[in-house]
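1. Give me a 3D structure for the following:
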Amino acid sequence: MSVLEELRALDTAITGLVDDFRAATEAAGRDGSDRALDTLRDVRGRLNLKYWSFVFARLDAVLADSSPDALAFTAEDLFRINYGWVSDLLTPRDRLPPPAAFTDGEFQVLLLGEWLTLVDRRYMEVDLRLGLEAERLGLAQSLVAQAERLEMLRRQRRELLAAQSGGKANALADLFEEFEMAEVTVQTVDRVKKSRSIGKRHVEQYDSGMRTVERTQASITAALSSLSPGDQAILREISQSSLAARLAVLDLQSAQRRLEARVLDSNPRLQELQEKRSEHLKDALRQIKEDIAFCARWGRSEASAVLLALRPIHTKADVVEAIRQVEDYDPELFKNRVVEKRGRPLILLTPGSGNGSFDFRTNTLVIPITSPKGLLESVAYALSLYRRDVDHEVNEEKDWKSFFDDDLWRKIEDRSRPQTLRDRLNEWASAYLKWVTKETRGLAVLESELRRWFEERVAPSRRGVIVPRALRHVRASDRQAILERLGEGRDARDCYQIGVLHFTFESFAEALRQFDRAIELDPSVSEAHWARGVMYLFDEERLKVSDCADLREMRLRDRLAGARDSFQQYTRHAGQSWWLLKAQDYLRELNYKISALEGRAP
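-> Alright, predicted model coming up:
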């Protein structure tokens, strides 16, 4: 059976299975019996098998029509690879979000078709070959430019000699040409001598060139003596420029020969890559297929090749926003040596449904295009595994060992510490998920000991300011430039960012002034109230070295009252979140301390 015949047969089989899947889904929804669920599971399994058989067969067909530089995917190919099998009976195409251009300065997000194209491009060394071709074109253009310049200089010289020397012009022009050619020979041999020893042939060329230079130089000097000093200077300048152009031509021709040798060497390499191209792509796709199945298990479901209309389709922008929501309460997530060495993980959106995963082999966050509960949960699962692998690779598992420390789990009632690696992975992912999706919203769902662990090792510091996303990943070397760009600040948000930058510079007097300005312009900027409260709570050691005289000179009672007022304002303007709970904690502590100072019972 040919590839096209196989594809037609698979298309027919999948269409029939989609009908069976719809019927099985409806039956399972009506009675939920074990038999109906088993039937649904069986049909889903057969559908997945046929879908992936179709994808691999279609990949064979695409490779047969593809050049070494690009995969010849059609729009329909990419649609089915990116979304899974889309049937109008289950998910009308007009329900799908239209493709939109997306770029992000921090994350690379790809659909499966784009990922396959990237994998193929790297494997086939397309950029290297395109670079060679661009270099070849550049050398050819440079050679043409130098040849045109050389011809222009020759013409200028002949015109000047014809005007001044009459019938001797051609002879003088030829004498200049002979001198320049001999000088080129001498300088070329000199270059060779600097890099290696020279043989008899080079010695003879050098000696002959030197004799010609001396002879022609003397003849040119005698011939030019009848010309004006100005014309002599012009002819010498033309000769120097002509000599430089001739040497440039030789250099370019030498670079061309080296480049052609590289191109010849790359041809057998290209043939070798072409022979293994199909298997390499299929291996990469099998790996992603395994990741998709793993994502489904994380979601406590089964991988589905059929797109279901009941679940929202995640876009690239949605995924990046979810990651940034996680970073809001795990600010050190991507500040590690793995990122320094390999960069941030690539984000791959795959067909199917499930919770996200992380593939440490390729440094890839794998996020299914639909999720059983929600995108934030899916992304949190993936990032929990990412955190675990980073901890294992560069941190000697310090966080992992700390999380499963005996002393910590002895304090947790009604539960014992998980023992197997599988159970520990599930416990860690579940706790991280609760931290990201519940605790950060002010919902207490973790045991107090686990909550305290996340607050100490994952959460942003409650003793610092709330860093805006725009400043979260700014390098220290770039902060001053941002400060200059913001100037005096156009609005309250600008003033707050300026204050945060001054806070990082430990210019606390200016930081406090900017936070006050932000509040004056817009009292609803809750983060500015938080920042003022934090600064009022600076300890004595920090106040001694602080440049903020206003704070340093305040009595302790007044500073505590100022902090209390700031946190009270924060609670009025902030939404429900972990920060709000921490502000309430501060208020309880401050009320106790102020009461103690005033000699009243707390």
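
2. packing partners for the biggest helix by length in the chain?
-> Of all the elements of type helix in the chain, the one with the most residues (DSSP state H) is helix 229-298. Applying 3 or more C-beta pairs under 8 Å, 6 or more residues apart in numbering; DSSP states H and E, we find helix 229-298 packed against helix 34-64, helix 112-123, helix 126-165, helix 169-195, helix 200-224, strand 346-353, strand 357-359, strand 364-370. Every residue, glycine included, has its C-beta placed from N, CA and C.

3. show me what contacts the residue nearest in space to the middle of the chain?
-> Nearest to the mean C-alpha position of the chain, counting by C-alpha atoms, centre = their mean, stands Phe107 at 4.0 Å. When the contact criterion is C-beta atoms under 8 Å, 6 or more residues apart in numbering, the partners of Phe107 are 320, 323, 344, 347.

4. which parts of the helix or strand hosting the second one are buried?
-> Spelled out, it's Ile323. For Ile323, the host element (DSSP states H and E) is helix 316-328. Buried residues in helix 316-328, counted by 16 or more other C-beta atoms under 10 Å: 316, 318-320, 322-323, 325-328.

5. do stretch 418-436 as well
-> 424-425, 427-429, 431-436.

6. same deal with stretch 69-79?
-> By neighbour count on 16+ other C-beta under 10 Å, the buried set for stretch 69-79 is 71, 73, 77-79.

7. could these go into TSV alongside secondary structure?
-> Output for these, formatted as TSV (DSSP: H, G, I helix; E, B strand; the rest coil):
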residue	secondary structure
Leu71	coil
Phe73	coil
Asp77	helix
Leu78	helix
Phe79	helix
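
8. from the residues you listed, which single one is nearest Glu340?
-> Nearest to Glu340 among the buried residues of stretch 69-79: Leu71, at 32.2 Å, using C-beta to C-beta.

9. Verify the stated contact: Ala511 with Val534.
-> No: here Ala511 does not reach Val534: they are 10.3 Å apart, not a contact under C-beta atoms under 8 Å.

10. Pass me the low-pLDDT residue ranges in the stretch 401-550 of the chain, would you?
-> Residue ranges of the stretch 401-550 of the chain with pLDDT under 70: none are present.

11. quick one, helices of the stretch 301-450 of the chain?
-> Along the stretch 301-450 of the chain, counting by DSSP state H, counting those that start in this stretch, helices occupy 316-328, 337-342, 375-394, 398-403, 406-410, 421-437, 448-457.

12. Can you give the distance of the fourth one from its chain's centre?
-> Yep, that's helix 398-403 we're talking about. In terms of C-alpha atoms, centre = their mean, to the nearest Å, the centre of helix 398-403 is found 28 Å from the chain centre.

13. What residues of it count as buried?
-> 399-400, 403.

14. Same question for the third one.
-> Of the residues in helix 375-394, those with enough neighbours to count as buried (16+ other C-beta under 10 Å) are 375-391.

15. The second one too?
-> The neighbour-count check on helix 337-342 (16+ other C-beta under 10 Å) flags Val338 as buried.

16. Show me the beta-bridge partners of Ile367.
-> Leu349 (DSSP bridges).

17. For Ala511 and Val534, indicate the residue with more neighbours.
-> A direct count of neighbours by other C-beta atoms under 10 Å for Ala511 and Val534 places Ala511 higher, at 24 against 21.

18. Tell me if I am right that the more buried one is in a helix.
-> Yes: according to three-state DSSP, Ala511 belongs to a helix.

19. For it, give me its contacts.
-> By C-beta under 8 Å, 6+ apart, the neighbours of Ala511 are 499-500, 502-503, 531, 535.

20. and those residues, which of them are in helices?
-> Judged by DSSP H, the contacts of Ala511 include 499-500, 502-503, 531, 535 as members of helices.

21. mind putting those residues in CSV, neighbour count included?
-> Listed next are those as CSV, based on neighbours: other C-beta atoms under 10 Å:
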residue, neighbour count
Gly499, 28
Val500, 25
His502, 20
Phe503, 21
Ala531, 27
Met535, 25
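
22. Can you lay out the residues you listed as TSV showing distance to Asn363?
-> Shown next, in TSV, are the ones in helices among the contacts of Ala511 (distance: C-beta to C-beta, whole Å):
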residue	distance to Asn363
Gly499	36
Val500	31
His502	36
Phe503	33
Ala531	36
Met535	39
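
23. Could you single out the nearest of those residues to Arg46?
-> Each of those was scored against Arg46 by C-beta to C-beta, and Val500 proved nearest at 56.4 Å.

24. So, low pLDDT: which residues of the stretch 1-150 of the chain?
-> Looking along the stretch 1-150 of the chain with the criterion set at pLDDT under 70, you get 1, 89-90, 92.

25. Then the stretch 251-400 of the chain?
-> Looking at the stretch 251-400 of the chain by pLDDT under 70, you get 298-303, 308-310.

26. hmm, try it at 80
-> 296-311 (pLDDT under 80).

27. Give me the angle between the longest helix of the chain and helix 112-123.
-> On the basis of axes from the mean of the first three to the mean of the last three C-alpha atoms, to 10 degrees, helix 229-298 is oriented at 130 degrees to helix 112-123.

28. So what's the gap between helix 229-298 and the chain middle?
-> 25 Å.

29. okay but Leu433 is in contact with Glu377, surely?
-> Yes: in this structure Leu433 lies within contact range of Glu377 using C-beta under 8 Å: 6.1 Å.

30. hang on, Glu106 is in a helix, isn't it?
-> No: with three-state DSSP as the criterion, Glu106 is coil rather than part of a helix.

31. From Val62, how far off is it?
-> 32 Å (C-beta to C-beta, to the nearest Å).

32. got it, and Arg44?
-> Using C-beta to C-beta, one gets 26 Å for the distance from Arg44 to Val62.

33. now Ser461
-> 51 Å.

34. re the thing from before, out of Glu106 and Val62, which sits in the busier spot?
-> Val62 (20 against 12).

35. Contacts only, for that one.
-> Going by C-beta under 8 Å, 6+ apart, Val62 touches 71-73, 77.

36. now swap in Arg361 and tell me
-> If you count contacts by C-beta under 8 Å, 6+ apart, Arg361 has them with Gln287.

37. go again using 10 Å as the cut-off
-> Shown in contact with Arg361 (C-beta atoms under 10 Å, 6 or more residues apart in numbering): 287, 291.

38. Then Phe294?
-> Contacts of Phe294 by C-beta under 10 Å, 6+ apart are 303, 354-359, 366, 385.

39. one more time with 6 Å
-> Counting by C-beta atoms under 6 Å, 6 or more residues apart in numbering, Phe294 touches Ser357.

40. what does stretch 546-561 contact?
-> Residues outside stretch 546-561 that contact it (C-beta under 6 Å, 6+ apart) are 508-509, 512, 536, 543, 590, 593-594, 597.

41. Please pick the buried ones from those.
-> For the contacts of stretch 546-561, buried by 16+ other C-beta under 10 Å: 508, 512, 536, 543, 590, 593-594.

42. Please identify which of the buried residues of stretch 69-79 is nearest to Arg154.
-> Closest to Arg154, out of all of the buried residues of stretch 69-79 and judged by C-beta to C-beta, is Leu71, at 50.6 Å.

43. ok, that closest one touching Arg121?
-> No: Leu71 is beyond contact range of Arg121, at 8.5 Å (criterion: C-beta atoms under 6 Å).
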